[in-house]
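Asks: A structural model of the following input is requested.
(one chain, ligands or ions: 1)
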Amino acid sequence: MQSQLPTWLNQIKTTTDLPQLEALKAALLGKSGAVTQALKGLAQLPSIEEKKAKGAEINVIRDALIENFQSQTQILEAHAIKQKLNAEALDITLPFSSFTQNSSIGRIHPLTSLKEEIADFFQKRGFTFAEGPEVEDEWHNFDALNIPSHHPARQNHDTFFIQNHPTHLLRTHTSTVQIRSLATQKPPLRLISVGRVYRSDDLDATHTPMFHQIEGLVLDKNIHMGHLKGLIREFCSTLFGVADVPVRFRPSFFPFTEPSAEVDIACTRKDGKLVIGKGGDWLELLGCGMVHPNVLTNCDVDPLEYQGFAFGMGLERLCMIKNGIADIRQLYDGDETWLKHFGSFSF
Ligand code: PHE
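Replies: Numbering: from 1, shown residues only. Now for the predicted structure:
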């Protein structure tokens, strides 16, 4: 047996495959393996001394085999891991087109990428994210925003009330977040919020009962309409990728801002296609204004010390204008072919 040891050790060292190594281990050290059989054979030996001597010899052989199996297993395992890593390595030098051709890769929905794009714009200008609940009470959706119960604006909001809870409703706009935020934060502040809003509108090419709004709020000392106009102009230019895009501030009315304005962007139609930034037509983009002193007072902010502006816009509307989407319902259809066309791979 002693004489076989070098052959066995050599076999172990030259095995390059883990299953083969396991098989060799079973053949030598397993139940019916050579070493185990030799140990069993000790019983046949005539004297105690011979048993002891032979037993010690076999133990040395067994220990040497175990040690060599262990080290060879480690070597082969390390090798297997290295091979796996090499095989799975991502080739970042591959051309992008071969990636896009892979139909199993999903796309980012245009609403999601637009939301990220807008969030990025405002975050770079020091705005932080704020949130509020979608089920609201009348105080946060109306009263605190200077829309008392007798106010006609309250009727225009097509509100979904919660059954058996007549004072609770699905928020009709994200202006609620202004009130929610001012309960825990005090000016100076710059906030942006993106979320779902609900109106019991018709369901047609330009209306859905649920859509998304983006709300902004800036409060500080000495903030004026010029700051609002500058920010909105820059926002429109960035969003549509048109330098100095013509923007019009059209006087309007919101109970929670004074003065209020709606913002239109210049556009024209060429061969049935909407072109932004040129031409004699105007397209409405968003609502805005200087925060009404009553709103600030309702939130325990002194309007003589702090002023500011707010703005709100529909995410779906912006998305449709930017991508030339004619029917809002397409945004929610979950149609894969549509998403392949309008979706993107990165924000
Ligand atoms: N909340 C208004 C709407 O839903 C938009 C708006 C927000 C207007 C903030 C002015 C200031 O139409």
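Asks: what's the nearest residue to whichever residue of the chain sits closest to the ligand if we skip its chain neighbours?
Replies: Distances from the chain to the ligand, computed as C-beta to the nearest ligand atom, single out Gly312 as the nearest residue at 2.6 Å. Any C-beta I mention is one placed from the backbone N, CA and C, and that applies to glycine too. Using C-beta to C-beta, 6 or more residues apart in numbering and skipping residues adjacent in sequence, the residue nearest Gly312 is Glu215, 5.0 Å away.
Asks: Next: Gly55.
Replies: Nearest non-adjacent residue to Gly55 (C-beta to C-beta, 6+ apart): Leu42, at 5.6 Å.
Asks: Am I right that that neighbour sits in a helix?
Replies: Yes - judged by DSSP: H, G, I helix; E, B strand; the rest coil, Leu42 forms part of a helix.
Asks: Get me the contact residues on the stretch 151-300 of the chain for the ligand.
Replies: The stretch 151-300 of the chain comes close to the ligand at residues His173, Ser175, Glu215, Phe254, Thr257, Gly287, Cys288, Gly289, as judged by C-beta under 6 Å from any ligand atom.
Asks: Most neighbours of all the residues you listed, which one?
Replies: The member of those surrounded by the most neighbours (other C-beta atoms under 10 Å) is Ser175, with 30 neighbours in all.
Asks: Could you list the domains of the protein?
Replies: For the chain, automatic domain parsing gives the domain ranges 2-87, 110-342.
Asks: Return the member of those having the minimum mean pLDDT.
Replies: The weakest mean pLDDT among these belongs to domain 2-87, with a mean of 91.
Asks: Run through the strands of the stretch 151-300 of the chain in chain order.
Replies: Along the stretch 151-300 of the chain, the stretches classed as strands by DSSP state E, counting those that start in this stretch are 161-162, 165-170, 189-198, 210-220, 247-254, 257-270, 273-276, 281-291.
Asks: what's the neighbour count on Pro303?
Replies: Using other C-beta under 10 Å, Pro303 has 15 neighbouring residues.
Asks: likewise Ile48?
Replies: Ile48: 8 surrounding residues under other C-beta under 10 Å.
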